[in-house]
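A.B. asks: For reference, the sequence and a predicted model appear below.
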Amino acid sequence: MKQLAHLVLEDGTVFQGITEGVEGETIGEIVFNTAMTGYQEILTDPSYSEQIILFTCPHIGNIGTNNIDEESDKIYANGIIIRSISPENSNFYSTKSLSQYIKNKNIVAISNVDTRKITHILRNKGSQYGCIQSEKYMNIKNALKKIKKYKKIKKSNPITSVGTKNIQKWNIKNLKSKYIKKIFHVVVFDFGVKKSILNILEKKGCKITLIPFNTSVNTVLSLKPSGILLSNGPGDPRLYSITIQNIKKLLNFFIPIFGICLGHQILALSLGSKIIKMKFGHHGSNHPVQDIQTKRVFITTQNHNFVIDPNTIQKNMLVTHISLFDKTIQGIKLKYHPSFSFQGHPESNPGTHDIQKLFDNFIKNIINKEHLYAKKK
């Protein structure tokens, strides 16, 4: 029999529910995700590190879980909030139920709560920190104290625990394909990169080296990259001061750079723009984004709490994409440099594949750069 549990918000609001996952208590910033599918990809996205995911879809878990759809080897989120979790699952890929999956991953979760009401609170008041406590840990006063302490600590440091700690090569199994005529070396600043991003680059003929967030400029150059990818990841990009300074220096070497989500924000900061925090962020797989030049609209996957301040766009930057939800900046490129970035997740897991062509644009920039060098020689 499942135990009682409650969710305490930092404004003092309390929601009663039942325990899912393991017993215990957990604290994090609550973000709501509007995706109706792809819950396993969402749960294993390292960008959710130290957050609590609230699923607005009222019923999840009906297709179970498997080892194929994971974006990383663990759930980095601190907790999960669900209206209803399916007691059964049916899919030929499924290896275990969602309930068993989150227990195996040692995650504290709560179900049978009014997720619609919680979402309304977050939309009206802005993002909040919260605490989930299973039955024997339930204490509202202690929860509020812990939330206050946790919030103060987490606002001062970047989240560097999810990316690689050492320089390492990514799997190169697909590079032996007869369809791949050219191999490019892409160096990835790993802030918490998703597996699907690396898989797409690999299939497009890239050998990949993962590097830590604080890798020096000289070390990056010694790897002789064809291109540099600034990956997705969690946290406040403004706290990655070492990375920002290093990217600013790397831009002088005319190496094509592609930034995704957190990487997009870090590229903007290295160019002199400012980043601001959103009221409640974008989290979902149904977000319309428009290409400013072609006017074409793409349905995209989003997962971010920060955006570029439009008043700080620099003279050497062009805005390429905007959100049709709120007109926030979704893409930029440099005027005189083969580099660009995108706020959403072009690998589209979960979500439509509308915007995956950005990976092709990255490869084209690498090829064009190599052609320029060949002409000079």
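C.D. replies: Everything's here; your move.
A.B. asks: Buried residues in the top strand by length along the chain, which are they?
C.D. replies: As assigned by DSSP state E, the longest strand anywhere in the chain is strand 275-291. By neighbour count with 16 or more other Cβ atoms under 10 Å, strand 275-291 contains the buried residues 275, 280-285, 287, 289-290. Where you see a C-beta, it was placed from the backbone N, CA and C, and this is true even at glycine.
A.B. asks: would you list every one of the helices in the stretch 151-300 of the chain?
C.D. replies: Per DSSP state H, counting those that start in this stretch, the stretch 151-300 of the chain has helices spanning 195-203, 217-222, 241-250, 262-270. These are given in chain order.
A.B. asks: Can you show me the CA trace of the first one as PDB?
C.D. replies: It refers to helix 195-203. Once non-C-alpha atoms are left out, helix 195-203 reads as follows in PDB (Å, rounded to 0.1, in the frame of the first residue of the first chain):
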ATOM      1  CA  LYS A 195      22.700  11.300 -25.900                       C
ATOM      2  CA  SER A 196      20.500  12.000 -28.900                       C
ATOM      3  CA  ILE A 197      22.500  15.200 -29.700                       C
ATOM      4  CA  LEU A 198      25.700  13.100 -29.900                       C
ATOM      5  CA  ASN A 199      23.900  10.400 -31.900                       C
ATOM      6  CA  ILE A 200      22.800  12.900 -34.500                       C
ATOM      7  CA  LEU A 201      26.300  14.400 -34.900                       C
ATOM      8  CA  GLU A 202      27.800  10.900 -35.100                       C
ATOM      9  CA  LYS A 203      25.400   9.900 -37.900                       C
END
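A.B. asks: what's the angle between that helix and helix 262-270?
C.D. replies: Here the directions of helix 195-203 and helix 262-270 differ by 80 degrees (axes from the mean of the first three to the mean of the last three Cα atoms, to 10 degrees).
A.B. asks: Return the set of buried residues in helix 195-203.
C.D. replies: Buried residues in helix 195-203, counted by 16+ other Cβ under 10 Å: 195-202.
A.B. asks: Closest one of those residues to F184?
C.D. replies: Nearest to F184 among those, counting by Cβ to Cβ, is L201 at 8.6 Å.
A.B. asks: is it true that that closest one touches F359?
C.D. replies: Yes: contact status for L201 versus F359: in contact at 6.7 Å, counting by Cβ atoms under 8 Å.
A.B. asks: Residue ranges in the chain under the pLDDT threshold?
C.D. replies: Scanning the chain for pLDDT under 70 picks out 172-182, 370-377.
A.B. asks: Quick one: residues contacting the residue nearest the centre of it.
C.D. replies: Residue closest to the mean C-alpha point of the chain, counted by Cα atoms, centre = their mean, is S47 at 3.6 Å. Counting by Cβ atoms under 8 Å, 6 or more residues apart in numbering, S47 touches 76, 192, 194, 232-234, 261-262, 303-304.
A.B. asks: again, only using 7 Å
C.D. replies: 192, 232-234, 261, 303 (Cβ atoms under 7 Å, 6 or more residues apart in numbering).
A.B. asks: From those, which land in strands?
C.D. replies: N303.
A.B. asks: The contacts of S47 into JSON lines, with extra columns for distance to N157 and neighbour count?
C.D. replies: Supplementary listing: those in JSON lines, determined by distance: Cβ to Cβ, whole Å; neighbours: other Cβ atoms under 10 Å:
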{"residue": "G192", "distance to N157": "15", "neighbour count": "26"}
{"residue": "N232", "distance to N157": "19", "neighbour count": "27"}
{"residue": "G233", "distance to N157": "14", "neighbour count": "29"}
{"residue": "P234", "distance to N157": "12", "neighbour count": "27"}
{"residue": "C261", "distance to N157": "19", "neighbour count": "30"}
{"residue": "N303", "distance to N157": "21", "neighbour count": "27"}
